[in-house]
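Student: sequence unknown, structure follows:
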Ligand SMILES: Nc1ncnc2c1ncn2[C@@H]1O[C@H](COP(=O)(O)OP(=O)(O)OP(=O)(O)O)[C@@H](O)[C@H]1O
């Protein structure tokens, strides 16, 4: 916990304990109160995200009445506050009652500062996420409002889409499956001067090659067996609007040539027709494929690429967006809970850890499906890692890994500096900022032994 902006209110009537807690929790901006009234005054003044409170408060510190009254008042005044209740050693009953009233967690006194710090850190994290969620949902419902993110790269993409909307350039959205390419394409259309016209989407990978041509270009009656009436293709139906060519990387070569012709001439001919029909569409395309590699492999036309990719927008995978997985998980949990007429659900710590650790190969779509399942599976008001059906990271293993990472980094640095100093321990120790004996220890630990004094 290093963020000094995080305000923590400590409600404790014992001055010695108050002092001890302030000292132990100095990573936060702490404010203190010794009784209910001053606690409420501090709450109003500082609006702390997290409060730790003793249940036994004056005038009757051996009784929990005043503590419960304060808890109720805090949650009425500032319902988003995360309150951690400190109880006596054998006071489980009141601890459970406090959590039932809406406290975030409880701790029995005397407590271990490290554990309390962890819980407080978690409470801040939860509070931040809920605030971010509320902020995002409260944003004016604009064309990109369905797209939730706080990742700087994604936010920049949203700004780019807003800028590109009014220009009549062709935009290629590149990114893994489920990263939100269609949402962005729809946003681009909705922000453009064509917003009142149609947005027509076609997935080039989902339609068999034999049908794709007629889907795109339409056909005249009698053009082929089964062509019982004249039918417009997707390009024509998008006239004056936007045509979204999804999975453009899967367009077969013969159709690539036909599409290129359309882009050059802006006219189509229906299958079996002779008439040239002018069509005014804005093209937005998307693919999860590496188009440059496809060009190299001879399966995608370079000239078509440059027609389509006047502006290329590369969308990062979900695992590359910092904090977005948990942000989206919270938002989806709330949405699906609402859809299923359930009370709002919170994500347990093990669920958050599992979400943060997962690599999300299917990106936002995978996360969306995962949360749909979790909302159905969850019992009570909490979604656990088991409800998600993801693997829970083993914390002891994480620690092990961290030590390994540190060891490897240290070993690498020692090796490099020893090589650079040609094995001169005194010089290497100086560069590494450790004493000579420490460097000998490190050399021994990493099996790079050099006898002391040699
Ligand atoms: N940032 C986001 N916020 C909220 N929902 C999102 C976000 N990104 C994607 N989604 C949702 O995830 C799902 C997949 O998004 P979308 O269809 O736009 O992805 P895509 O990149 O076009 O996928 P594909 O390449 O598989 O067609 C949709 O239900 C969409 O609403």
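Tutor: Arrived safely. Small disclaimer: the values here were computed from a predicted structure and weren't measured.
Student: only C-alpha atoms from now on, for both contacts and neighbour counts.
Tutor: OK.
Student: how far does the one helix or strand residue 100 maps to sit from its chain's centre?
Tutor: Element membership for residue 100 (DSSP states H and E) is helix 92-101. In terms of C-alpha atoms, centre = their mean, to the nearest Å, the centre of helix 92-101 is found 33 Å from the chain centre.
Student: for it, buried residues please.
Tutor: 94, 95, 98 (16 or more other C-alpha atoms under 10 Å).
Student: which strands and helices lie in contact with that helix?
Tutor: helix 65-77, strand 82-87, strand 105-108 (3 or more C-alpha pairs under 8 Å, 6 or more residues apart in numbering; DSSP states H and E).
Student: residue 417: neighbour count?
Tutor: Residues near residue 417, counting by other C-alpha atoms under 10 Å, number 19.
Student: can we start the residue count at 52 from this point?
Tutor: Okay, using 52 as the starting number, the last item reads as residue 468.
Student: so the closest residue to it other than its chain neighbours, which of the three states?
Tutor: Spatial nearest neighbour of residue 468, chain neighbours left out: residue 479 (5.8 Å); criterion: C-alpha to C-alpha, 6 or more residues apart in numbering. Assigned by DSSP: H, G, I helix; E, B strand; the rest coil, the conformation of residue 479 is helix.
Student: residue 479 and residue 462: what is the separation?
Tutor: Separation of residue 479 from residue 462 (C-alpha to C-alpha, to the nearest Å) stands at 13 Å.
Student: more crowded one of these two?
Tutor: Per other C-alpha under 10 Å, whichever of residue 479 and residue 462 has more neighbours is residue 479, with 23 against 17.
Student: the more buried one against residue 466, yeah?
Tutor: No - the pair residue 479 / residue 466 is not scored as a contact, 9.7 Å apart, by C-alpha atoms under 8 Å.
Student: dump the residue contacts of the residue nearest to residue 132 when sequence neighbours are not counted.
Tutor: Excluding the flanking residues, the one nearest residue 132 by C-alpha to C-alpha, 6+ apart is residue 100, at 5.1 Å. By C-alpha atoms under 8 Å, 6 or more residues apart in numbering, the contact list for residue 100 reads 57, 58, 59, 131, 132, 133, 175, 178.
Student: compare the residues you listed and tell me which has the most neighbours.
Tutor: Going by other C-alpha under 10 Å, residue 59 tops these with 28 neighbours.
Student: and it, that's in a strand?
Tutor: Yes - counting by three-state DSSP, residue 59 falls inside a strand.
Student: what residues does this structure put near the ligand?
Tutor: 197-200, 228-234, 339, 415-416 (C-alpha under 6 Å from any ligand atom).
Student: from the residues you listed, which is closest to residue 396?
Tutor: Closest approach to residue 396 among those (C-alpha to C-alpha): residue 199, at 18.6 Å.
Student: might one say that the closest one is in contact with residue 381?
Tutor: No - checked against C-alpha under 8 Å, the pair residue 199 and residue 381 is beyond contact range at 10.8 Å.
Student: the more surrounded of these two?
Tutor: Shown here are residue 199 and residue 381; by other C-alpha under 10 Å, residue 381 has more neighbours (20 against 17).
Student: which elements pack onto the strand or helix carrying that one?
Tutor: Assigned by DSSP H and E, residue 381 falls within helix 375-390. Judged by 3+ C-alpha pairs under 8 Å, 6+ apart, helix 375-390 is in contact with helix 164-189, strand 397-398, helix 400-408, helix 414-428.
Student: would you mark the buried spots in it?
Tutor: Result for helix 375-390 [16+ other C-alpha under 10 Å]: buried residues 375-388.
Student: quick one: low-confidence ranges for the protein?
Tutor: The model of the chain has pLDDT under 70 over residues 52-56, 140, 185-194, 442-456, 499-505.
Student: centre-most residue in it?
Tutor: Centroid-nearest residue in the chain: residue 375, 1.1 Å away (criterion: C-alpha atoms, centre = their mean).
Student: ok, that residue to residue 202 distance?
Tutor: Counting by C-alpha to C-alpha - residue 375 and residue 202 are separated by 7 Å.
Student: excluding chain neighbours, what is closest to residue 416?
Tutor: Counting by C-alpha to C-alpha, 6+ apart, the residue nearest residue 416 is residue 229, at 4.9 Å.
Student: hmm, back to that, could you report the distance from the residue nearest to the centre of the chain to residue 158?
Tutor: For residue 375 relative to residue 158 (C-alpha to C-alpha), the value is 30 Å.
Student: same question for residue 181.
Tutor: 23 Å.
Student: can you check residue 99 too?
Tutor: 19 Å.
Student: and the helix or strand that contains residue 210, what does it pack onto?
Tutor: Taking DSSP H and E as the criterion, the element that holds residue 210 is helix 203-216. Judged by 3+ C-alpha pairs under 8 Å, 6+ apart, helix 203-216 is in contact with helix 232-242.
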